[in-house]
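**Student:** Dropping the sequence and predicted coords here.
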Amino acid sequence: STTRNYEFNIQLQNVTRLCHTKSMVTVNGKFPGPRIVAREGDRLLIKVTNHVSNNITIHWHGIRQIRSGWADGPAYITQCPIQTGQSYVYNYTVVGQRGTLFWHAHISWLRASVYGPLIILPKLHVPYPFTKPYKEVPIIFGEWFNTDPEAIIAQATQTGGGPNVSDAYTFNGLPGPLYNCSAKADTFKLKVKPGKTYLLRLINAALNDELFFSIANHTLKVVEADAIYVKPFDTETLILAPGQTTNVLLKTKSKFPGANFLMLARPYVTGQGTFDNSTVAGILEYESSVHMKNLPLFKPTLPSLNDTSFVTKFSNRLRSLASAQFPANVPQKIDRHLFFTVGLGTSPCEKNQTCQGPNGTRFAASINNVSFVQPSVALLQSHYFDQSKGVYSPYFPINPLHWFNYTGTPPNNTFVSNDTKLMVLPFNTSVELVMQDTSILGVESHPLHLHGFNFFVVGQGFGNYDPNKDPKNFNLIDPVERNTIGVPSGGWVAIRFLADNPGVWFMHCHLEVHTSWGLKMAWLVLDGKNPNQKLLPPPADLPKC
Ligand code: C2O
């Protein structure tokens with residue numbers, strides 16, 4: 001294994017899309033940011049220097065950070081932000097994982113422009129468990145805002161209302177030809193040769209939307225999800241929630257087809273808000289020795305905007321390989337059974353203010369009715385230096401504060417309680433967590449992301465979770481293992497994980513607006529007895545608050 005050094009300079013850069021030029025916070029002036037490539041077992045040293053007026057942190061989404069929580073990145077959870085003029089070196093080793101992940105800013109809404117692919121290749125000479133691809137291509141989905149996303153969330157926070165939606169979705173930062181005023185150069189083009197196999201590394205880095213993806217007249221073979229190999233299957237269409245990644249094999253046609261093919265992505269929408277339903281397009285173009293003009297352009301059909309049945313079927317098809325080489329180590333004996341409600345709610349409006357949320361309240365969101373309040377010092381430091389007093393409570397509720405019964409109609413009391421609470425787990429606790437969508441303000445799917453762990457998705461369903469009946473149908477053999485899972489709208493999902501990584505680990509909805517409203521919490525996993533089961537000491541350059 002090797003040590004790989006990267007330098008991330010956080011700097012402003014003028015970028016033009018949809019005829020709007022704006023100055024954006026970027027890494028090294030690039031949008032999207034640079035690609036990081038490493039091998040399983042490598043150590044990464046990424047020096048981040050902040051040259052802008054915003055505070056910044058970077059998160060390595062899906063990296064397990066075994067004992068190295070100081071490098072995880074969520075602001076005020078594992079570190080204080082890197083302030084203007086300061087640097088911090090993220091220092092971690094990639095232990096026992098390989099696949100497609102991504103990195104992104106983890107403070108406010110800066111990840112709208114500060115994100116990029118993070119690719120972990122297998123160890124040298126270790127092959128993929130599928131056809132060796134001729135070429136590998138990362139396609140990272142994002143959102144483009146004509147105005148400054150920081151201003152959008154600041155305004156929404158002030159009024160208690162919903163923030164403006166983005167102006168376009170993008171492939172590798174490019175919105176494509178279906179948007180007004182999109183320049184030719186603003187289209188992602190994938191040039192391919194006939195008769196070859198391409199590995200597409202798909203990443204959903206969008207802020208607020210789950211996205212369907214399809215390429216006209218081509219079947220895709222799914223081989224990996226969230227950097228874990230899955231049993232291969234063919235599909236025309238995929239769904240990716242923000243925070244999810246999927247690898248697919250694209251086998252090109254055996255001869256030059258005399259046509260070009262659009263690849264499209266557009267949102268899966270189950271809420272009732274005002275959502276943008278526009279579509280990002282890229283072009284799959286076959287290289288040919290003869291230059292041909294005016295080729296026909298084929299367009300794929302995507303599921304309808306609210307096609308939950310497609311989403312359910314798709315996620316049920318994802319299964320771990322569960323082979324001798326890649327076993328599915330599903331915890332079979334459970335130490336802690338937990339039940340969390342997740343969803344939207346409301347907060348009272350401050351005096352002398354008019355709030356733009358439901359019935360004059362403010363929008364809020366919660367887990368077990370607790371809306372997470374961001375502390376002003378980092379939780380991991382507070383824990384490590386035994387200074388938790390006045391920073392957080394170690395008593396995250398093990399049941400919802402308001403008794404919950406899903407009927408499809410909202411209860412009278414939609415208020416959340418605001419607090420900074422952690423769920424404490426002794427080292428090596430095996431956890432089964434059922435997350436139930438409350439659908440209090442309209443049904444909506446919530447892609448929950450857990451830092452520091454992968455988990456197994458052992459079951460999911462609609463309506464109320466039934467603790468007597470539903471566990472009988474859990475898949476404990478080959479459930480998919482991942483780091484982000486959609487809690488289905490009007491339904492529930494059950495996950496299992498082993499708390500074998502000491503530290504403070506964030507869990508939140510990866511729809512940025514729901515995170516802003518408080519749909520987040522943190523776990524505190526205590527040190528184990530052996531020296532190699534303890535959190536490492538903090539690095540000397542760890543930023544201070
Ligand atoms: Cu990709 Cu805490 O997030």
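**Tutor:** Cool, got the structure.

**Student:** Specify the beta-bridge partners of the residue nearest to His218 when sequence neighbours are not counted.
**Tutor:** Of all residues beyond its chain neighbours, the one nearest His218 is Leu250 (6.1 Å), with distances taken as C-beta to C-beta, 6 or more residues apart in numbering. (Glycine included, C-beta is placed from N, CA and C.) On DSSP bridges, the residues paired with Leu250 through beta bridges are Tyr198, Leu220.

**Student:** any chance you could map the helices in the stretch 151-300 of the chain?
**Tutor:** Assigned by DSSP state H, counting those that start in this stretch, the stretch 151-300 of the chain shows no helices.

**Student:** For it, just list every one of the strands.
**Tutor:** 168-171, 189-192, 197-204, 210-215, 220-225, 228-235, 237-240, 245-251, 260-268, 280-286, 297-298 (DSSP state E, counting those that start in this stretch).

**Student:** near the ligand, which residues of the stretch 301-450 of the chain?
**Tutor:** Proximity of the stretch 301-450 of the chain to the ligand, by C-beta under 6 Å from any ligand atom, involves residues His449.

**Student:** give me the low-pLDDT residue ranges for the stretch 301-450 of the chain?
**Tutor:** Scanning the stretch 301-450 of the chain with the threshold set as pLDDT under 70 gives 406-411, 442-443.

**Student:** The closest residue to the ligand within the stretch 351-500 of the chain is in what secondary structure piece?
**Tutor:** Shortest the stretch 351-500 of the chain-to-the ligand distance, computed as C-beta to the nearest ligand atom: residue-wise this is His449, at 5.1 Å. Secondary-structure element containing His449, defined by DSSP states H and E: strand 446-450.

**Student:** In terms of secondary structure, what does that strand contact?
**Tutor:** In terms of contacts (3 or more C-beta pairs under 8 Å, 6 or more residues apart in numbering; DSSP states H and E), strand 446-450 is packed against strand 336-347, strand 484-487, strand 503-509.

**Student:** What residue, apart from its backbone neighbours, is nearest Gly258 spatially?
**Tutor:** Of all residues not flanking Gly258 in the chain, Leu295 sits nearest, at 6.3 Å (C-beta to C-beta, 6+ apart).

**Student:** thinking Tyr88 is in contact with Pro538, fair?
**Tutor:** No - contact status for Tyr88 versus Pro538: not in contact, 11.2 Å apart, counting by C-beta atoms under 8 Å.

**Student:** Who has more neighbours out of the two?
**Tutor:** When neighbours are counted by other C-beta atoms under 10 Å, Tyr88 and Pro538 differ, and Tyr88 comes out ahead with 26 against 16.

**Student:** which residues does the residue nearest to that one when sequence neighbours are not counted bridge with?
**Tutor:** Taking C-beta to C-beta, 6+ apart as the measure, Tyr88 lies nearest to Ile82, with 4.9 Å between them; neighbours along the chain are not counted. Beta-bridge pairing for Ile82 (DSSP bridges): Ile56.

**Student:** before we move on, what about the one 10 residues further on?
**Tutor:** Beta bridges link Tyr92 to Leu44 when assigned by DSSP bridges.

**Student:** Can you report how many residues neighbour it?
**Tutor:** Counted with other C-beta under 10 Å, the neighbours of Tyr92 add up to 22.

**Student:** Which pLDDT value does the model give it?
**Tutor:** According to the per-residue confidence, Tyr92 scores 98 in pLDDT.

**Student:** Would you mind confirming that it is in contact with Ala38?
**Tutor:** No - at 10.1 Å, Tyr92 and Ala38 do not qualify as touching, with contact defined as C-beta under 8 Å.

**Student:** Overlap of the contact sets of those two?
**Tutor:** With contacts defined as C-beta atoms under 8 Å, 6 or more residues apart in numbering, the residues adjacent to both Tyr92 and Ala38 are Leu44.

**Student:** Residue in the stretch 151-300 of the chain with the shortest distance to the ligand?
**Tutor:** In the stretch 151-300 of the chain, the residue found nearest to the ligand is Gly243; the distance is 4.9 Å by C-beta to the nearest ligand atom.

**Student:** and if you look at the chain?
**Tutor:** Residue of the chain nearest the ligand, by C-beta to the nearest ligand atom: His61 (3.7 Å).

**Student:** My read is that that residue contacts Gly116, right?
**Tutor:** No - judged on C-beta under 8 Å, His61 makes no contact with Gly116 at a distance of 10.7 Å.

**Student:** Give me every residue in the stretch 101-250 of the chain lying close to the ligand.
**Tutor:** With the criterion set to C-beta under 6 Å from any ligand atom, the stretch 101-250 of the chain comes near the ligand through 104, 106, 243.

**Student:** can you list those residues in a markdown table and add distance to Leu380 and pLDDT?
**Tutor:** As requested, those are arranged in a markdown table below (distance: C-beta to C-beta, whole Å; pLDDT from 0 to 100):
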| residue | distance to Leu380 | pLDDT |
| --- | --- | --- |
| His104 | 19 | 98 |
| His106 | 13 | 98 |
| Gly243 | 21 | 98 |
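
**Student:** Could you pick out the buried ones from these?
**Tutor:** Of the members of these, the ones counted as buried by neighbours, 16 or more other C-beta atoms under 10 Å, are 104, 106, 243.

**Student:** that older thread, remind me what the helix or strand just after the strand holding His449 packs against, helices and strands.
**Tutor:** Once the chain leaves strand 446-450, the next helix or strand it forms, by DSSP H and E, is strand 455-462. In terms of contacts (3+ C-beta pairs under 8 Å, 6+ apart), strand 455-462 is packed against helix 308-317, strand 481-482, strand 491-499.
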